[in-house]
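with the sequence up front, the predicted model follows.
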2 protein chains.
Amino acid sequence: MKRAELVTIGDEILIGQIVDTNSAWISKQLHDIGIKVEQITSISDTPEAITETINASKADIIIMTGGLGPTNDDLTKKTLTQYFDTELEFHQEVYAHIQNLLIGRGVELNELNKEQALLPKNAKILPNPNGTASGMWFTNDKVQVVSLPGVPFEMKAIIMDSVIPQLQSVSETDAIVHKTVMTVGLAESMLAKRIETWEGSLPNYIKLAYLPRPGIVRLRLTAIGKDKISLRTAIDQQIETLHAILPNEIFGYDDTSIEKEIFDLLLTKKQTLSTAESCTGGTIASMITSVAGSSSIFKGGIVAYSNEAKINQLNVKQNIIESFGAVSKEVVEAMAINARKIFNTDFSIAVSGIAGPDGGSEEKPVGTTWVAVASRDHCISERFRFGEHRGRNITRASLSALNILRLLILNKLT
Amino acid sequence: MKRAELVTIGDEILIGQIVDTNSAWISKQLHDIGIKVEQITSISDTPEAITETINASKADIIIMTGGLGPTNDDLTKKTLTQYFDTELEFHQEVYAHIQNLLIGRGVELNELNKEQALLPKNAKILPNPNGTASGMWFTNDKVQVVSLPGVPFEMKAIIMDSVIPQLQSVSETDAIVHKTVMTVGLAESMLAKRIETWEGSLPNYIKLAYLPRPGIVRLRLTAIGKDKISLRTAIDQQIETLHAILPNEIFGYDDTSIEKEIFDLLLTKKQTLSTAESCTGGTIASMITSVAGSSSIFKGGIVAYSNEAKINQLNVKQNIIESFGAVSKEVVEAMAINARKIFNTDFSIAVSGIAGPDGGSEEKPVGTTWVAVASRDHCISERFRFGEHRGRNITRASLSALNILRLLILNKLT
């Protein structure tokens, strides 16, 4: 198996101004074709750091991102051109591409863009359909270095169009199969306890990893061996057993999201959804509408962030709010039932809670959240007690509400 | 200046299942106290990789995250305990903390949690107020290794409570000053052209970096020298000049967001906001409500994802939609003006566009977006033409709408 190292270039990463999301994405693509990423390294945008990192690497191929922008602080192209002992030449077809791209965007062409058509002679040029900085593939007798722009959207297109096909044509791969089970609603240690016996009985060649994030724990199964098909069968059998242990918690596999799963369910059943959000402030609506095609299942929502909005827009009776408080079973159920009628949908989700940091009381501390989901025949509600951190509370409230909806659509709650 | 290396541990990073957000955050904290992060490295969760990385590092201090969970796939504690030639002992007060924490969350205590109270004898134990895995600070005559849990929320508390104070008390620092100018509305190359003369006149000891992301470009100024106060003055003078060149595009500094700036403006003026969103699907409302305290300025919003919702919830006249289409100046202005009345707010934002990938036409291709902002006296609208990628279109539409609102609040548009 080929060994790869990913290198991200830029002081903005080392001083913490941006998060390196490129490496995760590239790692996944390489793994999918059986190339192992052994290390990910972030370094400064200096000729010395770039040169030293190439010299120190044990990898067969280094994929570098960053440092190719049109502005003067980007030094990668110059450094690699020197390292691989070549020189820059003008590429007319690249220049024509840059011109077309910028005219289409209504952006003025300038000298900096023209310099981006100067590219190293002895490197393979990788076209960038979405941007002005071309990718470059350098090779000498020791190492291969692929240099790509750092803008995720541009980098991804070059990887898919040029890098992966080239690597696939040359790599010899061992068989590795990954499958990730997505679970919602159980904390990592509770989940670990629940599946302890199952985990203990996994064969040696299947490894399990827990990947938690707020409200969600992903369970990654990795099988290594000689034959992809039998590995895949072995993993699928283990997951079948796991389903019996986690009937309500598993919502899908691999890179899916709970909103995508709900979209697929509603689309198949030709059913529709609306939302009535207080503390989640539009987050559930924005999760649902992040899915392409969601307009066929989502009619609309109301963000009722004030009591007036709950009364005027969602027809919640003022005396119910006064008697039970805005964060109560009574109010959240009225929100869900009324929103379903207002938007004339099959389902509606409502959330009301105290996201924090202020607004808590002894009886209803920060994190207290009521969720309700209404269908034509039912209204299911549940009280949650999350933590003290606003952003996490909003995420967990949104995920919990969406999981109740998912289970109700599947008739698992009634 | 002390040199630091950050090491993240976990196959989940190397196969691209999770994005390493911890390193960016830690880097920022260290930089703020003058400690330079020279490298960020992600490695596999194996004793060999951990040991080799410590041996290869040139740093004075290594901060490791990950591999401390309660589950069996986490090997960091065991490996470091061996590397630093010590052994595990039971910590009663840590165990009591774990018990309290889990009882408060309604989580069952189990054997795995008990093992988390076993900690190395010769390491300094760093309390984890938000979780069950303690931090550990190992020291020998060559290197210091700080090992922290990978869960961001837990790691951050330990860094702020224990690591930063300890580092501050021992580090000698050179003077480095960073300031980042946040801009919205200009693509990187257009921005570079606009500020070319200014950039060329920067003194040698001030460096400029462009940090683009969808809809936003951050300009980071870094000054290095002997005296913090004079560096800060020099940077502030440069930024003052920049303001004259970018009067509408600069919305703030450093880690601010446009929604936070709008929140501060509205709070100071005691004014209120509502939203009427079609293609952004609740994203603007969720951005605004992500700000703590936003309930005092945000009354509510309507996500009108269908024509019925635009007609019934936002009182847009059916014949306007039929005559001009849902993505039009007429419809988006009606949405903004009506939402402002419905929620009785000082301002309202409305967006209607074609986020894609479907729904475009020759006249209105994917990416076409209308934005309107209504105040008591004005309604300002603007047409944008974004790209073909749904997620980016939603982000750029939301940011563009928020910037028009910001300028209107500041009386810069009327």
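Sure thing, it's come through.

from now on I want contacts and neighbour counts done on CA atoms only, so please keep to that.
Will do.

tell me which element A:Ile239 falls in.
For A:Ile239, the element it lies in under DSSP states H and E is helix A:228-245.

contacts for that helix, please.
In this structure, residues lying in contact with helix A:228-245 by Cα atoms under 8 Å, 6 or more residues apart in numbering or on different chains are A:175-177, A:179, A:181, A:194-195, A:198, A:202, A:206, A:221, A:223-225, A:250.

tell me the helix or strand right after that helix.
Later in the chain than helix A:228-245, the nearest helix or strand by DSSP H and E is strand A:250-253.

so for that following strand, mean pLDDT?
Averaged across strand A:250-253, pLDDT comes to 96.

so which of the contacts of helix A:228-245 are in strands?
A:175-177, A:179, A:181, A:206, A:221, A:223-225, A:250 (DSSP state E).

give me the buried subset of the residues you listed.
Neighbour counting by 16 or more other Cα atoms under 10 Å in any protein chain shown classes A:175-177, A:179, A:181, A:206, A:221, A:223-224, A:250 among the ones in strands among the contacts of helix A:228-245 as buried.

dump those residues to TSV, plus distance to chain B.
As requested, those are exported to TSV (distance: Cα to the nearest Cα, whole Å):
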residue	distance to chain B
A:Ala175	15
A:Ile176	11
A:Val177	12
A:Lys179	11
A:Val181	12
A:Ile206	12
A:Leu221	11
A:Ala223	14
A:Ile224	14
A:Ile250	18
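
which one of the residues you listed is nearest A:Leu75?
Nearest to A:Leu75 out of those is A:Ile176 (Cα to Cα; 37.0 Å).

I figured the closest one hits A:Ile206, correct?
No. With contact defined as Cα atoms under 8 Å, A:Ile176 does not reach A:Ile206; the gap is 10.1 Å.

what is in contact with those two at once?
A:222-224.

can you tell if the strand or helix carrying A:Lys156 touches chain B?
Using DSSP H and E, A:Lys156 falls within helix A:152-158. No. Judged by Cα under 8 Å from any Cα of the partner chain, helix A:152-158 and chain B are separated, with a smallest distance of 9.1 Å.

the helix or strand just after that helix packs against which elements?
Counting by DSSP H and E, the element after helix A:152-158 in chain order, helix or strand, is helix A:164-170. Helix A:164-170 sits against no helix or strand, with contacts defined as 3 or more Cα pairs under 8 Å, 6 or more residues apart in numbering or on different chains; DSSP states H and E.

so for helix A:164-170, what's the average pLDDT?
The model assigns helix A:164-170 a mean pLDDT of 76.

export that helix as CSV, just CAs?
C-alpha atoms of helix A:164-170 as CSV (Å, rounded to 0.1, in the frame of the first residue of the first chain):
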residue,chain,number,x,y,z
ILE,A,164,-7.7,10.3,-7.6
PRO,A,165,-7.9,8.9,-11.1
GLN,A,166,-4.2,9.1,-11.5
LEU,A,167,-3.5,7.4,-8.1
GLN,A,168,-6.0,4.7,-8.8
SER,A,169,-4.3,3.8,-12.0
VAL,A,170,-1.0,3.1,-10.2
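
other residues contacting that helix?
Applying Cα under 8 Å, 6+ apart, the contact partners of helix A:164-170 are A:29-30, A:33.

stretch A:391-401 too?
Identification of contacts with stretch A:391-401 by Cα under 8 Å, 6+ apart yields A:184-185, A:214-215, A:258, A:279-280, A:283-284, A:349-351, A:355, A:367, A:369, A:371-373, A:384, A:386-387, B:290.
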